[in-house]
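Undergrad: predicted model and sequence below, questions to follow.
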Amino acid sequence: MSMPSHKPRVFILNPDHVMVVKDLASKPDNPYAEDLRVLQVAADTILAADKVYTVTWSGHLPPSGDIHDYFSISPYWWPDPDKPDGLPYIRKDGVTNPERDKISDRRPCEKMITDVCTLSRAYYFLGEEKYAAYATRLLRAWFLDEDTKMNPNINYGQIRRGHNLGHKSGLIETRRFCLLVDAIGLLESSLSWTPDDQKALNAWMNDFLDWLIFHPLGCEERDSSNNHGTAYDMQVIALCLYTGRRELAKLVLEHHTKNRVCTQIEPDGSQPEELRRTKGWHYCVENIKYFFCIAQMATHLGLTIYDEPKEGNGGLKGAIQWLLPHTTWENNWPYMQITAWQPERFLGTLHVAFAVYKCDKMKETLERMGWQTPDLETFINIPD
């Protein structure tokens, strides 16, 4: 058993809290013992399933004819019933077309990220090299192996049949690459993840970062005025930190993210761009989660957006406070939410917000919802 002892190179997770949990892992009074047991079961389940997800896994060719290009279908676009061939597709906001996951690389990508994150944490906290070995296998298959690797672009993400080859919104499907950055940071002390792997993935991430910054689809997504723009900043900043492009990360934070805080959040804390959608609660919560991920990464650059409200703007604190009364249906959410009400999507971010702002109303909401004590996932995300 090789137990890592270094402080991990992570940017969204709190490295000091990660070290605390690692130190507690072998102690009988570990408050996170049950969380770690669940983590081990999940990691062992991944090993037993023995599945490797790749961009070539679906077998469906994108319009380029290159199976290494990421390819997905836009979720809210459907065949036009008034057209014999259904083309061009029409939009039904918030209503997911089941075709989306039948011929898409989205689900394999999500599975790869989830499994790598689970395995990297199991390795770091439990010290079992087998978890790092399998995480390495998954990362190599998706990013590095010649036969299966993804090309560093999203030219064909969220295709809308009959309209175009790809759409800017497809970039949101790689937003969780920011989680991989931290997962790799947990793997760096393992025997399985080698310096050659690190060098090769760094090159891939650099190429993908250049595509995000310079390709027209990336530029269009950067200019989005809702959660898509925030998610764009989140993954760009994460990849900048991973690849060492810190000045670029600072530029994005100063010239884009801070402006988003001031333009996307109203003085009362509401988020109009998200509230006009058919899943208003979902998108408000997701957008704030992205902002808080960015805020945690910003601390590694000596910057902050936690306290960025300007005159006439509610800032991140205001956005959290605006959501507090709406954590239950009983408060008569006056906007659309056509999918299931999921207050738990908000509570992890609320824990982080309370750690930052020490607000009594945030604490009261957490207690009312029965979430007084952060779980492992929340604890290692809370900033100092």
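TA: It's in. Residues are numbered from 1 along each chain as shown.
Undergrad: remind me which residues of the stretch 251-384 of the chain are low pLDDT?
TA: Filtered on pLDDT under 70, the stretch 251-384 of the chain yields the residue ranges 308-313, 329-331.
Undergrad: hey, where'd the helices end up in it?
TA: Secondary structure of the stretch 251-384 of the chain (DSSP state H, counting those that start in this stretch): helices at 258-264, 272-275, 280-298, 315-323, 344-357, 360-368, 376-379.
Undergrad: between these, which one is nearest to residue 17?
TA: Nearest of the helices of the stretch 251-384 of the chain to residue 17, taken as CB to CB: helix 376-379 at 5.7 Å. For the C-beta atoms, the positions are set from N, CA and C on the backbone; glycine is no exception.
Undergrad: check the offset of the closest one from the chain's centre.
TA: A distance of 16 Å separates the centroid of the chain from that of helix 376-379, by CA atoms, centre = their mean, to the nearest Å.
Undergrad: so what's the residue count around residue 337?
TA: 19 (other CB atoms under 10 Å).
Undergrad: quick one, what contacts it?
TA: Listed by CB atoms under 8 Å, 6 or more residues apart in numbering, the contact set of residue 337 reads 278, 279, 280, 281, 282.
Undergrad: which non-adjacent residue is nearest the first one?
TA: In this case it means residue 278. Counting by CB to CB, 6 or more residues apart in numbering, the nearest residue to residue 278 once its immediate chain neighbours are dropped is residue 94, at 3.3 Å.
Undergrad: could you do the second one as well?
TA: Closest residue to residue 279 apart from its sequence neighbours, by CB to CB, 6+ apart: residue 94 at 4.9 Å.
Undergrad: quick one: contacts for that neighbour?
TA: Residue 94 touches 76, 277, 278, 279, 336, 338, 339, counting by CB under 8 Å, 6+ apart.
Undergrad: do residue 40 as well
TA: The contact partners of residue 40, by CB under 8 Å, 6+ apart, come to 122, 126.
Undergrad: that one and residue 47, how far apart?
TA: Plainly put, residue 40 is 11 Å away from residue 47 if you go by CB to CB, to the nearest Å.
Undergrad: and if you look at residue 179?
TA: Per CB to CB, residue 179 is found 20 Å from residue 47.
Undergrad: try residue 34
TA: Distance, residue 34 to residue 47, using CB to CB: 21 Å.
Undergrad: who's more crowded, residue 179 and residue 47?
TA: Using other CB under 10 Å as the criterion, residue 179 and residue 47 rank with residue 179 on top: 19 against 15.
Undergrad: pull the most distant pair out of the contacts of residue 94.
TA: Maximum pairwise distance among the contacts of residue 94 (CB to CB): 13.5 Å, between 76 and 336.
Undergrad: sorry, back to before: what about the residue nearest to residue 279, distance to residue 274?
TA: 12 Å.
Undergrad: ditto for residue 292
TA: From residue 292 to residue 274 the distance is 15 Å (CB to CB).
Undergrad: quick check, residue 86 in a strand?
TA: No - under DSSP: H, G, I helix; E, B strand; the rest coil, residue 86 falls outside any strand and is assigned coil.
Undergrad: all helices of the stretch 1-150 of the chain, in order?
TA: Counting by DSSP H, counting those that start in this stretch, the helices of the stretch 1-150 of the chain are 15-24, 33-49, 106-126, 129-139.
Undergrad: and the longest one, how far out from the chain's middle?
TA: Centre-to-centre, helix 106-126 and its host chain are 13 Å apart (CA atoms, centre = their mean).
Undergrad: alpha carbons only: can I get it in CSV?
TA: What follows is helix 106-126 as a C-alpha-only set of coordinates in CSV (Å, rounded to 0.1, in the frame of the first residue of the first chain):
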residue,chain,number,x,y,z
ARG,A,106,-21.7,12.9,-24.2
ARG,A,107,-22.6,10.0,-21.9
PRO,A,108,-19.3,8.1,-22.4
CYS,A,109,-17.5,11.3,-21.7
GLU,A,110,-19.5,11.9,-18.5
LYS,A,111,-18.9,8.3,-17.4
MET,A,112,-15.2,8.6,-18.0
ILE,A,113,-14.9,11.7,-15.9
THR,A,114,-17.1,10.3,-13.1
ASP,A,115,-15.0,7.1,-12.9
VAL,A,116,-11.7,8.9,-13.0
CYS,A,117,-12.7,11.2,-10.3
THR,A,118,-14.0,8.4,-8.1
LEU,A,119,-10.9,6.3,-8.7
SER,A,120,-8.4,9.1,-8.1
ARG,A,121,-10.0,9.9,-4.8
ALA,A,122,-10.1,6.2,-3.8
TYR,A,123,-6.4,6.1,-4.6
TYR,A,124,-5.5,9.2,-2.7
PHE,A,125,-7.5,8.6,0.4
LEU,A,126,-7.2,4.8,0.6
